[in-house]
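Student: predicted model, plus sequence, below.
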Amino acid sequence: IPNMIFLKKAEDLRFVLFNQAGENLLGFNRNDLIGKNDYDFFPKEQADFFTQKDRDVLNQKDIIDIAEEFIDTPTGKRILHTKKLPLLGENGQVEYLLGISEDITEQKEIQKRIQESIELYDRLTSTVPGALYDYVLHDDGRSQMVFISAKAFELFEVDPKEIMKDMNLIWNLFHPDDIERVQMESEFAVRNSDKFSTEARIITPTGKEKWIQITSRPNPIEKEGEPAIWSGFVIDITNRKQAEERIKTLLGEKEILLREVHHRIKNNMLTITSLLFLQTESLRDKAAISALNDAISRIQSMVVLYDKLYRSSEFNELSVVEYLSPLIDEIVNNFPNYQIVQIEKKIDNFVLSTSLLFPIGIIINEIITNAMKYAFKNRERGIIKVSAYKKESNVSISIEDDGVGLDEDKEKSEGFGLQLVSMLAKQIRGKVSM
């Protein structure tokens, strides 16, 4: 039994029994205590107080509950909560006095610290947005709100004094869709003695729906066995949440607009492609027809990009493999000899900004178009290999074919295609080597 239990004879108030907890508290062996009275161990002022309470019990023949009494011990002054009751004999007279004392020194220290915190909070909370609070979590699972600042009324529309009496007044305000999540997060933080932070909706007694943010953490436990005191704050984030919703709505509208823009650009490019194709049908000059076909191919490389952007959730960047792979297939399939050409692609999965992919797409279009036109003349089979990879901040793209190769005159020529490749490579700070 952790509490001190003692027994005194009614006639002289001398100790006749002491338990182990009493020995530990007073620092005496029970043999030294038996047969002695309070004046043998305690200062006269304390002994007078104890003795007077004993006589009150004997005279009233009833239990007396002493909420606080101070006692000197070898470990210092302690505070006890003591109950004294008379034990009657067969003749109805009091024969013994039984005492049970609980050491409440630590509890009083905690209450003192809490009171000091309350006084400090009272001075500070009037200038702090939101509500500050302290609650005690006992080992047996009981919890008690021991302090919550006055601003809690603005948040919850509940009197802070009532909240300190019953924490369920707060729990009952949580939105039905949020309460289970908040309870699970709170239990997890308690189990791990870790910071607790969450955002949730509450519905106030007047029916207002608010968003609140709760943050708390356990204070260090100074002495073993003390209950954990959690300190935290609650703020109203309704305006922020409403602003976030407005931004989300605007972003959604912007996304729809961008998709529509990309869709229309793609359709316009397809219209231009169709017009150019019709124009080639009316021409007889092979050089003019070739030039128009090259223009159509360049536009188609941009159509592929816009189509990918239209289907993508991102508008400022795109997966390289998702863009280049179908682009390469479309370029090759535009030529009548596409069936004899085997395409080997080794493209790593990384993203690039669309500002880079536009010129890269045109460069690849020019090089593959050139290979399809000239590399496999009079050949039954051909291979085009395309690889792309990213190493740190550098991107390398390689295009190879097993065709006849460039003759020196063509390599040194200033054709529009090669000029365009060089110009676009410089534009994106790239290098071209053949």
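Tutor: Ah, there it is.

Student: which SS state does the residue nearest to residue 65 when sequence neighbours are not counted fall under?
Tutor: Spatially, and ignoring its direct neighbours in sequence, residue 65 is nearest to residue 83 (5.3 Å; Cβ to Cβ, 6 or more residues apart in numbering). From N, CA and C alone the C-beta is placed, and that goes for glycine too. Under DSSP: H, G, I helix; E, B strand; the rest coil, residue 83 falls in the strand class.

Student: do residue 372 as well
Tutor: Assignment for residue 372 (three-state DSSP): helix.

Student: count of neighbours near residue 147?
Tutor: Counted with other Cβ atoms under 10 Å, residues neighbouring residue 147 total 22.

Student: what's near enough to touch it?
Tutor: By Cβ atoms under 8 Å, 6 or more residues apart in numbering, residue 147 lies in contact with 114, 117-118, 121, 132-134, 164.

Student: recalculate using a threshold of 7 Å.
Tutor: Shown in contact with residue 147 (Cβ atoms under 7 Å, 6 or more residues apart in numbering): 114, 117-118, 121, 133-134.

Student: before we move on, what about residue 3?
Tutor: Contacts of residue 3 (Cβ under 7 Å, 6+ apart): 21, 100-102.

Student: top of those residues by neighbour count?
Tutor: Neighbour max across the contacts of residue 3 (other Cβ under 10 Å) = residue 101, 21 neighbours.

Student: would it count as being in a strand?
Tutor: Yes. Judged by three-state DSSP, residue 101 forms part of a strand.

Student: can you name the residues bridging to it?
Tutor: Beta-bridge pairing for residue 101 (DSSP bridges): residue 4, residue 82.

Student: sorry, back to before: quick one: the contacts of residue 147 as CSV, columns for neighbour count too.
Tutor: Below are these laid out as CSV (neighbours: other Cβ atoms under 10 Å):
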residue, neighbour count
114, 15
117, 17
118, 16
121, 19
133, 25
134, 22
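
Student: what's the closest of those to residue 368?
Tutor: Closest approach to residue 368 among those (Cβ to Cβ): residue 133, at 68.1 Å.

Student: what about the closest one, which SS state?
Tutor: Note that with three-state DSSP, the state of residue 133 is strand.

Student: now do the nearest residue in space to it that is not next to it in sequence, the pLDDT please.
Tutor: Sequence neighbours aside, residue 148 is the residue nearest to residue 133 in space, at 4.1 Å (criterion: Cβ to Cβ, 6+ apart). Per-residue pLDDT puts residue 148 at 87.

Student: if I look at residue 148, how far off is residue 319?
Tutor: Distance, residue 148 to residue 319, using Cβ to Cβ, to the nearest Å: 52 Å.

Student: how close does the residue lying farthest from the centre of the chain get to residue 151?
Tutor: Distance to the chain centre peaks in the chain at residue 91, reaching 72.5 Å (criterion: Cα atoms, centre = their mean). Here residue 91 is placed at a distance of 64 Å from residue 151 (Cβ to Cβ).

Student: over to residue 284?
Tutor: From residue 284 over to residue 151 the distance is 86 Å, taken as Cβ to Cβ.

Student: which one of the two has more residues nearby?
Tutor: With neighbours defined as other Cβ under 10 Å, residue 284 and residue 151 compare such that residue 151 has more, 20 against 6.

Student: skipping adjacent residues, who's closest to the more buried one in space?
Tutor: Nearest to residue 151 is residue 131, by Cβ to Cβ, 6+ apart, at 4.6 Å.

Student: where in the stretch 251-400 of the chain is pLDDT low?
Tutor: For the stretch 251-400 of the chain, applying pLDDT under 70 flags the ranges 251-263, 265-266, 301, 304-315.

Student: what about the helices in it?
Tutor: In the stretch 251-400 of the chain, the helices defined using DSSP state H, counting those that start in this stretch lie at 286-311, 320-333, 354-374.

Student: same deal with the stretch 101-250 of the chain?
Tutor: Per DSSP H, counting those that start in this stretch, the stretch 101-250 of the chain carries helices over the ranges 105-124, 152-156, 160-165, 168-171, 179-192, 238-281.
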